[in-house]
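*Asks:* Next input, structure requested:
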Amino acid sequence: MFKEFKEFAVKGNVMDMAIGIIVGAAFGRIVGSLVSDVLMPPLGLLLGKVDFSNLFVSLSGTAYDSLAAAKAAGAPTLNYGVFLNTVLEFLIVAFAVFLVVRQLNRLRREPAPAAPTTKECPHCLTAIPIKATRCLACTSTLTS
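*Replies:* Sure thing, here's the model as predicted:
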């Protein structure tokens with residue numbers, strides 16, 4: 001049983017999947033940093049110095065200065081700023097995956113079949129060039 005598992009685990013597809021998951025996790029962290037550290041601060045500045053990661057609604061009715069203060073107090077909060085960051089991360093990851101899949105599909109497409117260079121003589125069924133007006137084998141005149 002161990003030998004069968006070893007054969008399964010070492011097969012190319014399983015290893016490719018494992019590498020894909022590891023790279024995907026790292027890519028997710030990079031995108032998360034891109035959103036929270038690069039994109040959202042300038043966007044928040046443009047929208048009136050808003051820190052999206054600190055946007056929340058306290059469900060207890062008590063006002064708190066920051067999300068960290070509300071969490072420290074144990075207050076229930078609706079963290080819509082963190083949600084907006086997560087949605088933006090998802091959109092960036094989805095767009096990146098779309099671009100990769102689109103490129104892979106372009107590479108996998110089969111080339112269009114080449115235009116035929118010969119046709120059959122309707123009288124003797126010999127292959128002759130497309131532009132021929134007379135058959136080489138039976139010398140009949142071709143109309144098409």
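
*Asks:* can you map out the strands along this protein?
*Replies:* 57-58, 77-78, 118-120, 127-129 (DSSP state E).

*Asks:* between those, which one is nearest to Phe5?
*Replies:* strand 77-78 (45.8 Å; CB to CB). In this view, the C-beta of every residue, glycine as well, is placed from N, C-alpha and C.

*Asks:* which residues touch that closest one?
*Replies:* The contact list for strand 77-78 (CB atoms under 8 Å, 6 or more residues apart in numbering) reads 56-59, 67, 70-71.

*Asks:* Check stretch 92-103 too.
*Replies:* Stretch 92-103 has contacts (CB under 8 Å, 6+ apart) with 27-28, 31, 34-35.

*Asks:* and which of those residues is nearest Lys49?
*Replies:* Using CB to CB, Val35 is the member of those that lies nearest Lys49, at 18.1 Å.

*Asks:* what's near enough to touch the closest one?
*Replies:* Here Val35 is in contact with 85, 88-89, 92 (criterion: CB under 8 Å, 6+ apart).

*Asks:* how near is it to Pro42?
*Replies:* 12 Å (CB to CB, to the nearest Å).

*Asks:* Filter the contacts of stretch 92-103 down to the buried ones, PyMOL style.
*Replies:* A single PyMOL command selects the buried members of the contacts of stretch 92-103 (16 or more other CB atoms under 10 Å):
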select buried, resi 31+35
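
*Asks:* picking that back up, would you turn the strands of the chain into CSV with distance to Ala112?
*Replies:* Output for the strands of the chain, formatted as CSV (distance: least, CB to CB, whole Å):
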stretch, distance to Ala112
strand 57-58, 57
strand 77-78, 55
strand 118-120, 18
strand 127-129, 21
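
*Asks:* so what secondary structure elements neighbour the worst-scoring helix or strand of the chain on mean pLDDT?
*Replies:* Within the chain, no helix or strand scores below helix 2-10, which has a mean of 73 by mean pLDDT, DSSP states H and E. Applying 3 or more CB pairs under 8 Å, 6 or more residues apart in numbering; DSSP states H and E, one finds that helix 2-10 contacts no other helix or strand.
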